[in-house]
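> Just need the structure, nothing else, for what follows:
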Amino acid sequence: MPGESERGASLPGDFIETPAYRGSLRLCRLIVDLEEKFPDDERPVILSGLKRTSSEIGAFLAAGFARSSAAAAREQWEQARARLMETRHYLLLAKSRWLVDDRDLEAFDALYLEVLREIDLVIEEGGPLRGAARRAAHAAEKGRAKRPRGGGAP
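Now for the predicted structure:
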């Protein structure tokens, strides 16, 4: 299947299948494709910033899905959103130095808006479990934690 190797094995409810994460991978690919446009003297600052922040978007999304509390997950997802905006900053900086052109910026901005919408949905919906399902799962976890161990009625 095309693209299977970059997706890896997916588990039910895993971050890999979220549109936000898939979009973050496409964004990283776009940044790598722009790399040849950067002269050597601009690579340490602008290009390294672009590559670092764009790769951290997916890392923060993944970290959010690994968190056990909704607040901790939200914090990670908000960091993913911040890294997305930092990536845009570096691309605008590159544009101001004539390292990328309007076409490059338009392609980036279209993907940026798509990923931003998807991250906002992840934040709003609380990840793969939505609304009532997430609350029910959380309540079930709390119930298990409060049950006494052993010695209970048969």
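> What's the mean pLDDT across the longest helix along the chain?
Secondary structure of the chain per DSSP state H: the longest helix is helix 70-96. Averaging pLDDT along helix 70-96 yields 96.
> any idea how far that helix is from the chain center?
Here helix 70-96 is found 9 Å from its chain centre; the criterion is Cα atoms, centre = their mean, to the nearest Å.
> Packing partners of it?
Contact here means 3 or more Cβ pairs under 8 Å, 6 or more residues apart in numbering; DSSP states H and E; on that basis helix 70-96 packs against helix 19-34, helix 48-66, helix 102-125. Just so you know, the C-beta spots here come from the backbone N, C-alpha and C atoms, and that holds for glycine as well.
> which one of those helices lies closest to residue 87?
With Cβ to Cβ as the criterion, residue 87 lies closest to helix 48-66 of the helices and strands packed on helix 70-96, at 4.3 Å.
> Distance check, the residue lying closest to residue 65 once chain neighbours are set aside against residue 53.
Using Cβ to Cβ, 6 or more residues apart in numbering and skipping the chain neighbours, the partner closest in space to residue 65 is residue 15 (4.1 Å). Counting by Cβ to Cβ, to the nearest Å, the separation of residue 15 from residue 53 is 18 Å.
> same question, residue 41
20 Å.
> before we move on, what about residue 67?
Separation of residue 67 from residue 53 (Cβ to Cβ): 21 Å.
> neighbour-wise, which of these two wins?
residue 53 (21 against 15; other Cβ atoms under 10 Å).
> which residues touch the more buried one?
Counting by Cβ atoms under 8 Å, 6 or more residues apart in numbering, residue 53 touches 83, 84, 86, 87, 90.
> Tell me how far it lies from residue 124.
Here the criterion is Cβ to Cβ. By it, residue 53 lies 23 Å from residue 124.
> What of residue 45?
As judged by Cβ to Cβ, residue 45 and residue 124 stand 35 Å apart.
> now swap in residue 58 and tell me
Taking Cβ to Cβ, one finds residue 58 at 19 Å from residue 124.
> Mind checking which of those two has more residues around it?
Legend: neighbour count by other Cβ under 10 Å for residue 58 and residue 124, higher for residue 58 (23 against 10).
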